[in-house]
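> Output the structure for:
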Amino acid sequence: MTALQLIQGLNNALFVLIFGLVAVVAYRRRTRVTLDTALFFGALAFLVVEGPIAQLIGFPGGGVTTAIIALLVMALPYLMLRLLTDFTSVPLLVRSLTLGGLIAAAIVIVTTGTPLDPVAALFLIGYFVAVALYTALAFIRLSARSSGVTRRRTQAVAAGMGLFGLAILVAGGSIVAPAASGFVSGATQVLALAAAGSWLLGFAPPGRLRRYWQEPELRAFLERASTLPRLPTTDAILRELERGAGDSFGARAAIGLYDPNARALRFDNGHGALPPSVPEGSRFLAARVFAAQEAQFFPDAARAHPEQARAYRAAGVGAVLVAPISAGERRIGILEAFAEQQPVFSSDDLALAQLLADQAAVVLESRALIDEAARVKAQEEAAKLKEDFLSAAAHDLKTPLTTLLGQAQILEVRFGRDQTLAQHQPAVARVAREARRLSTLVDDLLDASRIEEGKLEVRREPADVAVVVRQVVERHRAGKQRIVLDAHDRLTGSVDRRRIDQLVDNLVENGLKYSADDTPVEVRAWRDDGEIHISVRDHGIGFPMTDLPHVFDRFHRAANVDARRYAGIGLGLYICRGIVAQHAGRIWVESTVGAGSTFHVTLPGAGDGKLN
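From the prediction side, this is the model:
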């Protein structure tokens with residue numbers, strides 16, 4: 001076997017291999033693109049195997065057979081131009097001239113017969129080479145506007161078209177220089193082999209090669225992704241993610257984030273192909289993939305979603321890759337990549353689309369964590385500023401307020417004794433009452449500050465907790481029998497009487513404040529298993545479930561509390577927790593919205609029920 005025969009055999013094998021690969025794709029996914037590709041390489045495969053098969057079976061060649069083969073050869077330029085129209089738009093004049101040239105070539109072949117005279121042969125070669133070079137230049141221009149895998153594939157296709165046109169041009173050299181037919185034949189086979197190799201890379205690249213082509217843009221995307229969470233806004237992050245995904249595919253990309261309140265995907269950059277809001281469960285491709293949570297490839301977006309066909313065509317969208325963006329069970333959104341023509345993507349790109357979507361999920365989750373950390377830090381700083389201000393204000397108010405309260409109480413006594421001032425006594429009593437209330441508030445602020453600093457003063461000594469509870473209840477009854485008390489036994493423990501009084505007072509006051517005037521507040525104190533138990537139950541507004549973990553937090557007020565109706569700054573229960581903690585006890589609450597709350601306190605008991 002000569003070298004020329006070896007090259008020719010490789011050529012034949014490559015063309016048949018390419019046809020087999022594209023034919024399988026066309027069978028699995030019947031679109032114009034896949035069918036045009038299979039038709040073009042099917043014609044080439046037939047031309048290269050027709051001769052050996054005819055010789056093998058002893059089929060006699062003739063003028064009709066030769067004319068049919070010549071017509072099939074001259075159909076190749078038209079099929080090449082059809083492939084070009086699948087990748088990009090081609091002017092109507094060019095398509096018309098190509099079709100006209102095919103018709104003229106058919107007329108020449110039919111009328112002159114074979115073998116062709118030199119003039120007719122040169123015309124056919126010129127037509128073939130002109131169309132081949134035009135398609136090659138068009139693919140070169142297309143690759144210059146593309147990036148990623150698309151650029152490399154179109155470069156390979158452009159090389160194949162140009163090399164095949166040169167092969168035909170060189171083959172025509174035997175007409176001009178018959179003596180150099182041996183060299184011409186060898187050069188033609190080498191150029192055809194190079195064209196076949198280029199087409200293999202362009203139309204049916206091996207998976208490993210595709211991944212290698214994807215690597216530069218993908219590596220750049222991943223390197224950039226590590227810095228994206230630190231961008232100023234989420235919108236800036238989305239634009240960078242879209243740009244990186246678009247560069248990886250050589251296309252346009254858009255990211256839609258899921259809005260659970262609106263139950264829709266929000267797109268700020270749908271490239272005209274998507275509305276700003278895509279409802280969950282709708283027919284939009286993004287909504288379908290979001291529901292299925294599985295990446296999908298749509299070769300023809302208009303056909304897959306006919307209701308949106310006009311918008312897709314207006315936006316220049318042909319093929320679409322869609323991948324869900326999710327983090328574990330949490331669905332974040334959708335990544336879409338748009339291409340004007342179908343051959344840009346393939347089903348092999350689904351894995352890349354999902355990889356980019358997963359990376360986008362990592363970036364967006366990182367940003368969410370950063371935002372949450374910033375929010376928590378801001379809240380902590382705001383709380384600290386609030387606490388520092390209130391602590392400073394409380395200290396500054398304490399001395400003048402003590403003086404004001406003392407003077408108000410003196411005036412209250414004097415006005416009560418002097419009948420000539422009796423008419424002013426209610427006003428003075430109101431001043432004294434509000435001064436006491438303000439003094440209590442200042443004390444609460446100071447106690448909260450001490451608890452935060454771990455400096456709450458507690459002086460424990462043996463005392464009867466039941467007596468303390470009864471005294472608090474008597475103060476709050478004020479002639480009303482609304483408070484129901486159950487505390488008859490001695491409950492001896494090592495406690496700070498003043499702090500336990502403050503604890504029970506806060507709990508009873510809460511129960512009275514947040515329940516209706518015609519409902520009871522039940523206070524119990526008893527011993528159980530060596531511990532002193534205190535419970536305060538009301539039938540008021542209760543706490544929402546979401547608030548229960550934060551009931552005893554500093555400055556916290558439940559979501560269902562109307563600040564205009566219920567005065568307070570959210571320190572009472574925080575102080576209660578601090579007092580109980582200083583006594584090595586426990587405090588918790590059981591609550592139902594609309595049904596009321598029950599606060600429970602346990603304190604260590606002396607065990608013998610006797611005071612020392």
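> show me what contacts residue 571?
For residue 571, the contact set (Cβ atoms under 8 Å, 6 or more residues apart in numbering) comprises 444-445, 447-448, 554-555. The C-beta positions use only the backbone N, C-alpha and C, and glycine is treated the same way.
> out of the residues you listed, which are inside helices?
Residues of these located in helices (DSSP state H): 444-445, 447-448.
> Can you name the two of the residues you listed that sit furthest apart?
Largest separation among the ones in helices among the contacts of residue 571 by Cβ to Cβ: 445 and 447, giving 7.3 Å.
> For residue 475, give me phi and psi.
Per-residue torsions, residue 475: phi -60, psi -40 (degrees, to the nearest 10).
> burial measure for it, as a count.
11 (other Cβ atoms under 10 Å).
> quick one: secondary structure of the closest residue to residue 521 other than its chain neighbours?
Spatially, and ignoring its direct neighbours in sequence, residue 521 is nearest to residue 511 (4.0 Å; Cβ to Cβ, 6 or more residues apart in numbering). The three-state assignment at residue 511 reads helix, by DSSP: H, G, I helix; E, B strand; the rest coil.
> Can you give me the separation between residue 511 and residue 240?
Between residue 511 and residue 240 the computed distance is 55 Å (Cβ to Cβ, to the nearest Å).
> Same check on residue 304?
Separation of residue 304 from residue 240 (Cβ to Cβ): 28 Å.
> Looking at residue 511 and residue 240, which is more packed in?
Ranked by neighbour count (other Cβ under 10 Å), residue 511 and residue 240 place residue 511 first, with 26 against 17.
> tell me the contacts of the more buried one?
So residue 511 contacts 521, 536-538, 540, 597, 599 (Cβ under 8 Å, 6+ apart).
> Likewise for residue 521?
By Cβ under 8 Å, 6+ apart, residue 521 lies in contact with 482-484, 508, 511-512, 515, 536-538.
> hmm, try it at 10 Å
Taking Cβ atoms under 10 Å, 6 or more residues apart in numbering as the criterion, residue 521 is in contact with 473, 476, 482-485, 507-515, 536-540, 596.
> cool, and residue 265?
Counting by Cβ under 10 Å, 6+ apart, residue 265 makes contact with 255-259, 274-280, 282, 284, 286-287, 290, 331, 333-334, 336.
> Only the buried subset of the residues you listed, as a ChimeraX command please.
Buried residues within the contacts of residue 265, by 16 or more other Cβ atoms under 10 Å, are selected in ChimeraX with:
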select :255,256,257,258,274,278,280,282,284,286,287,290,331,333,334,336
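> just checking, which of the contacts of residue 265 belong to helices?
Reading helices off the contacts of residue 265 with DSSP H, I get 286-287, 290.
> can you tell me which of the residues you listed lies nearest to residue 75?
Distance to residue 75 across the ones in helices among the contacts of residue 265 (Cβ to Cβ) is lowest for residue 286, with 41.0 Å.
> And the strands in the chain, which stretches?
Using DSSP state E, the strands of the chain run over 252-259, 264-267, 277-279, 296-298, 319-327, 330-339, 461-464, 483-486, 492-495, 521-528, 531-537, 586-592, 596-604.
> What's the biggest helix in this structure, counting residues?
Longest helix in the chain by number of residues (criterion: DSSP H): helix 349-417.
> So which elements touch that one?
Here helix 349-417 touches helix 148-171, helix 207-225, helix 234-249, strand 252-259, strand 296-298, strand 319-327, strand 330-339, helix 425-453, going by 3 or more Cβ pairs under 10 Å, 6 or more residues apart in numbering; DSSP states H and E.
> of those, which approaches residue 45 most closely?
Ranking these by their distance to residue 45 (criterion: Cβ to Cβ) puts helix 148-171 first, at 14.1 Å.
> hang on, the earlier thing: distance to residue 81 and neighbour count for the contacts of residue 571 - can I get that in CSV?
Compiled in CSV, these are given as follows (distance: Cβ to Cβ, whole Å; neighbours: other Cβ atoms under 10 Å):
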residue, distance to residue 81, neighbour count
444, 86, 20
445, 84, 23
447, 87, 21
448, 82, 24
554, 76, 20
555, 75, 14
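> Out of those residues, flag the one nearest to residue 82.
residue 555 (72.8 Å).
> wait, what's in contact with the nearest residue to the closest one once chain neighbours are set aside?
Excluding the flanking residues, the one nearest residue 555 by Cβ to Cβ, 6+ apart is residue 570, at 4.4 Å. When contacts are counted by Cβ under 10 Å, 6+ apart, residue 570 is found next to 448, 550-551, 553-558, 561, 563.
> ok, the residue nearest to residue 531 when sequence neighbours are not counted to residue 328 distance?
Nearest residue to residue 531, sequence neighbours excluded (Cβ to Cβ, 6+ apart): residue 602, at 4.8 Å. Noted for residue 602: a distance of 39 Å to residue 328, by Cβ to Cβ.
> neighbour-wise, which of the two wins?
residue 602 (19 against 7).
> That one and residue 491 touch, don't they?
No - with contact defined as Cβ atoms under 10 Å, residue 602 does not reach residue 491; the gap is 11.5 Å.
> shared neighbours of these two, anything?
What both residue 602 and residue 491 touch, as defined by Cβ under 10 Å, 6+ apart, is the set 531-534.
> now what about stretch 419-433, what contacts it?
Against stretch 419-433 from outside (Cβ under 10 Å, 6+ apart): 404-418.
> which residues touch residue 146?
87-88, 152-155, 247, 249-251, 339, 344 are the contacts of residue 146 under Cβ under 10 Å, 6+ apart.
> Among these, name the buried ones.
87-88, 152-155, 247, 249-251, 339, 344.
> quick one on the thing from earlier: relative to residue 539, how far out is the residue nearest to residue 521?
The gap separating residue 511 from residue 539 is 9 Å, by Cβ to Cβ.
> repeat for residue 449
34 Å.
> Check residue 207 too.
Counting by Cβ to Cβ - residue 207 and residue 539 are separated by 70 Å.
> neighbour-wise, which of these two wins?
Neighbours were counted for residue 207 and for residue 539 using other Cβ under 10 Å; residue 539 has more, 19 against 9.
> Now that one. Its backbone dihedrals?
According to degrees, to the nearest 10, residue 539 has phi -120, psi 50.
> Lowest mean pLDDT among the helices and strands, pick that one out for the protein.
Least confident element among the helices and strands of the chain, by mean pLDDT, DSSP states H and E: helix 173-176 (a mean of 68).
> Where does pLDDT dip in the stretch 201-350 of the chain?
Within the stretch 201-350 of the chain, the ranges that satisfy pLDDT under 70 run 341-348.
> now with 90?
For the stretch 201-350 of the chain, residues meeting the criterion pLDDT under 90 lie at 201-236, 240, 243-252, 261, 268-275, 297-303, 313-319, 327-330, 338-350.
> how much space between the residue most central in space within the chain and residue 368?
Residue closest to the mean C-alpha point of the chain, counted by Cα atoms, centre = their mean, is residue 332 at 3.5 Å. Per Cβ to Cβ, residue 332 is found 9 Å from residue 368.
> Residue 49 and residue 17 touch, don't they?
No - in this structure, residue 49 is not within contact of residue 17 by Cβ under 10 Å, at 11.9 Å.
> Show me what residue 464 is bridged to.
residue 492 (DSSP bridges).
> I'd like to know how far residue 391 sits from residue 568.
In terms of Cβ to Cβ, residue 391 sits 18 Å off from residue 568.
> Please point out which parts of stretch 140-149 sit buried.
By 16+ other Cβ under 10 Å, the buried positions in stretch 140-149 come out as 140, 142-143, 146-149.
> Dump those residues to JSON lines, plus distance to residue 5 and pLDDT.
JSON lines is the format used below for these (distance: Cβ to Cβ, whole Å; pLDDT from 0 to 100):
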{"residue": "140", "distance to residue 5": "33", "pLDDT": "91"}
{"residue": "142", "distance to residue 5": "36", "pLDDT": "84"}
{"residue": "143", "distance to residue 5": "35", "pLDDT": "84"}
{"residue": "146", "distance to residue 5": "39", "pLDDT": "75"}
{"residue": "147", "distance to residue 5": "42", "pLDDT": "72"}
{"residue": "148", "distance to residue 5": "40", "pLDDT": "71"}
{"residue": "149", "distance to residue 5": "36", "pLDDT": "74"}
